[in-house]
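Peer 1: What follows is a predicted protein model with its sequence.
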Amino acid sequence: MNAQEKKFSMLGFIKEICENIGPRLGTSENEKKAGLRIKEILEKQVDKVEMEDFTCHPKGFLEFTKVAWFSGLLGFLLFLWLPLISMLLCFYAITTFVFELLMGKESAYEFPLFAKFKHKFDKLAYTTAGLILFSAISGLIKFILDILYISNLITNIILISIPFVTVLVGGYVAFGLHSKKVILGANDNLSGVAVVLALAHHFSSQKLNNIELWLISFSCEECMRGSKRFVKRHFEELQDSYTINYDMVGRGAGGLAIISAEPAYLVKHDMDLALEFQKSSKNANMELPIEILGFGGSDAAYFSRKGLSAISIFGLTPENYPDTWHELTDTPEFIEEDKLDATLKTTIQFLKDLDSSL
């Protein structure tokens, strides 16, 4: 890196936002302030900066977990008398759980359950979903036994035990998933934004010859609504694009990795792009592994879902989970600068390699 590049401090930017603006819940005034500060920095480095508005309800899934739990509770209460209605309520709960919880993260509140369970959090989430599904099946079995007049005390006790356990476990998840505390989000995901700004600084003086470079900071990153709206709005323009997304690249005991798939979001990324990025990281003397994300997702998901070429760069635990996810310890003092530098260096190398090949 030359002397000019060193003038932009990625960690300095992270500290500035955390100290001067603070937590930035989706659609909040603080998120707007952070966006305007990012715009101000970019305007000094790039040819053109645009801000786009979109509609979002960032707290959606956090409230829907409670809606799902109340549906399950009502299904449990009606189980013995109206098993078919109980089954339908449980099916409603499972669809809510899958589409809102497993398929989207919607707020930057603290998630104490993730801090408690870490890489085992997915087991808690999938177990809860499984229990809800079995509760629905129990309701159907109860309905069939009733119409065949073979339902009895023993079958009722066995069958009702499943929705009973579901209500207990589901309540633990629904009401313990998040606290009222908000996080600073130094790693999740100011770290990714910091890399984007550092790239802008680098390529403001070292122009690419054959690449039109878009540098984007998505609003409502935690519910991935900014990226979703962006892909929908710019789909035609993105047809021949490559997307390199950065998420939680400021920490990771397991190191940085190129993410080729996000199973929790039912997404597979472009393996060819992942291999190309890995090759460039090797050229930069820091070869990154290609991994599958153990749980959670990133803004790259909506690009890949639409058939666009995308990957994510993540800082992971040794179990391939996000290093920090909605934890109060996500503060600037825990950021590892070498992770930021490695992300920046490998991306610069990738863009230079790609530019020379065109």
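Peer 2: Cool, the structure landed.

Peer 1: wait, what's in contact with residue 245?
Peer 2: Contacts for residue 245 were tallied using CB atoms under 8 Å, 6 or more residues apart in numbering; they are 192, 298-300, 303, 310-313. For glycine as for every other residue, the C-beta is placed from the backbone atoms N, C-alpha and C.

Peer 1: Now do the helices in the protein.
Peer 2: Secondary structure of the chain by DSSP state H: the helices cover 10-20, 29-43, 60-78, 83-96, 112-117, 121-147, 153-176, 191-205, 225-234, 271-283, 300-305, 337-357.

Peer 1: Of those, which is nearest residue 53?
Peer 2: Shortest distance between residue 53 and the helices of the chain, using CB to CB, is found for helix 225-234: 9.1 Å.

Peer 1: Buried residues, that closest one. List them.
Peer 2: Residues of helix 225-234 classed as buried: 225-231 (neighbour count, 16 or more other CB atoms under 10 Å).

Peer 1: Residues contacting that helix, please?
Peer 2: With CB under 8 Å, 6+ apart, helix 225-234 has contacts from 26, 52, 54, 56, 58, 216, 218-221, 238, 299-303, 306, 308.

Peer 1: Swap in 6 Å and give it another go.
Peer 2: 54, 56, 218-220, 299, 302-303, 306 (CB atoms under 6 Å, 6 or more residues apart in numbering).

Peer 1: Stretch 280-294 now?
Peer 2: By CB under 6 Å, 6+ apart, stretch 280-294 touches 256-262, 274, 278, 319-321, 342, 345-346, 349-350, 353.

Peer 1: Can you give me the buried ones in that stretch?
Peer 2: By neighbour count with 16+ other CB under 10 Å, stretch 280-294 contains the buried residues 280-281, 284, 286, 288, 290-291, 293-294.

Peer 1: which residues touch residue 188?
Peer 2: Residues near residue 188 by CB under 6 Å, 6+ apart: 248, 324, 330.

Peer 1: Domain map for this protein?
Peer 2: Domains of the chain are assigned by automatic domain parsing as 5-55+183-357, 60-176.

Peer 1: Now render those domains as a markdown table, adding mean pLDDT.
Peer 2: A markdown table is the format used below for the domains of the chain (pLDDT from 0 to 100):
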| stretch | mean pLDDT |
| --- | --- |
| domain 5-55+183-357 | 93 |
| domain 60-176 | 81 |
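
Peer 1: Residue 88 and residue 32: what is the separation?
Peer 2: According to CB to CB, to the nearest Å, residue 88 and residue 32 sit 41 Å apart.
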